[in-house]
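S.K.: Pasting the sequence and the predicted coordinates here, then a few questions.
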Amino acid sequence: MIKKAVIPVAGFGTRLLPITKAQPKEMLPVVNKPIVQYVVEDLVEAGIKNILFVTGKGKQAIENHFDINYELECKLKNSNKYDLLKAIKEIDNLGNIFYIRQKEQKGLGDAILYGKEFVGDEYFIAMVGDTIYSENIVKDLIKVHEKYGCSVIALERVPMEEVYKYGVIEGEEIDEGIYKIKNMVEKPNVEEAPSNLIITGAYLLSPKIFEKIRQTPPGKGGEIQITDALNLLLKEEEILGVEIKCKRYDIGDVLGWLKANVEIGSEKLPEFREFLKEFVKNL
Ligand code: UTP
C-alpha cells in the first residue's frame, strides 16, 4: 500500500521570472486554486495522506496555504461567507503535510533525496510541484504497481520534434499502454531519441532510488537528474511506464501557465466556456 508522497517545490522557476522572484511558481493560480493544491488533492484522493514538500528559500507561501488561518476563518464566518469558508476549511483537511528544505537547488533528483528519512523503506510517490493533470494519474500509477509490484513512472506521447525538451524512454509494450523500460535518455537530439514517450514528472518509486540518487553524479546543467538515478535503478530492478491519456499541464513557463488557465477555466467554469471559446477565436 502506498502511503507517502514527496513533492519537490524548491526550484527557482527561472523560466517564469520575474513572476517567480518572490512568488513560488507552484503557488501560481490556475483558475481559483494554486497549482500545488491540485497536486495535493490528487494524492489525497488516491489515498495518500502523508505528504512531504521539499521547499526552499522564498517558498513560505506554500506552508501558509496549507496551514489554518483562524483570523480569516473568523472573518468569513462573521460575514456569513460560508461557501468561501468551506473552500478554506477543505484545504486544512488535505492530509498530514510535512516540510524539509533543500539547501541548494541541485536538481530534481537531489530534491527527492531529501525525502529519504520521511519515506523509509517503502514505495512512494514523487510528483513535481508545477504540473497538473486533467485526470487523477496517481491512481493509475498505484494500479500498475499493485499488479506488477515494481516502480512505475508516468509517460506521455509527444510529437517527435519535441522530444529534445524531455527525458525519453526506450521500452517494450507489455500490456496496453504499459511499457517495460529498457533505458532512459535526458533531453536527446530528435535524431537520437529512442521513442517519443516522455517522462512527465509523476513517479511511483522503490525506496532503492535513494541509494541510486546518491550514486548519481551531476548531469546536464550540473544538476542531479532523477532520470540518471532511474537508469542506475534499472540495472537492479524493473521499472514500468504507464502512458497517460489525459491532458498534462506543465506550468514551467508562461505559455504553459496561460494554457492551463484557459483550458481548465473553460472546464471548471462552464458558465464561461462559450465566452472563452469565442474570446480565444477572436484574438
Ligand atoms: P523544474 O526544473 O521545472 O523547476 O523542476 P525549476 O528549476 O524551478 O525551473 P526553471 O528551469 O528554473 O524555470 C520541476 C520541479 O522540481 C522542483 C521545482 O520546484 C519544480 O516544482 N525542483 C527543481 C526542486 O525542488 N529542486 C531543484 O533543485 C530543482
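M.R.: Arrived safely, thanks for sending. Numbering: from 1, shown residues only.
S.K.: For the stretch 1-150 of the chain, list the residues in contact with the ligand, please.
M.R.: Within the stretch 1-150 of the chain, the residues that sit near the ligand (CB under 6 Å from any ligand atom) are 8-15, 26, 54, 102, 105-108, 110-111, 128-130. Quick note: C-beta positions are derived from backbone N, CA and C, even for glycine.
S.K.: go again using 5 Å as the cut-off
M.R.: 8-15, 105, 107-108, 111, 128-130 (CB under 5 Å from any ligand atom).
S.K.: now, which of the residues you listed sits nearest the ligand?
M.R.: G11 (2.0 Å; CB to the nearest ligand atom).
S.K.: how about the nearest residue to the closest one, chain neighbours excluded?
M.R.: Distance criterion CB to CB, 6 or more residues apart in numbering; nearest residue to G11, sequence neighbours excluded, is Q105 at 6.0 Å.
S.K.: Next: K268.
M.R.: Nearest residue to K268 in three dimensions, chain neighbours excluded: V31, at 5.4 Å (CB to CB, 6+ apart).
S.K.: need the contact list for the one you found.
M.R.: By CB atoms under 8 Å, 6 or more residues apart in numbering, the contact set of V31 is 261, 264-265, 268-269.
S.K.: Pull out the buried residues from the residues you listed.
M.R.: 261, 264 (16 or more other CB atoms under 10 Å).
S.K.: about what we covered before: the residue nearest to G11 looks like it's in a strand, true?
M.R.: No. Looking at Q105 with DSSP: H, G, I helix; E, B strand; the rest coil, it is coil, so not inside a strand.
S.K.: And the furthest pair within the residues of the stretch 1-150 of the chain next to the ligand?
M.R.: Using CB to CB, the pair of those lying farthest apart is R15 and A111, separated by 17.0 Å.
S.K.: the strands in the stretch 51-200 of the chain, which residues?
M.R.: 96-101, 124-127, 131-133, 151-157, 167-175, 178-186, 197-205 (DSSP state E, counting those that start in this stretch).
S.K.: quick one: average pLDDT of the last one?
M.R.: Looking back up the chat, that one is strand 197-205. For strand 197-205, mean pLDDT rounds to 97.
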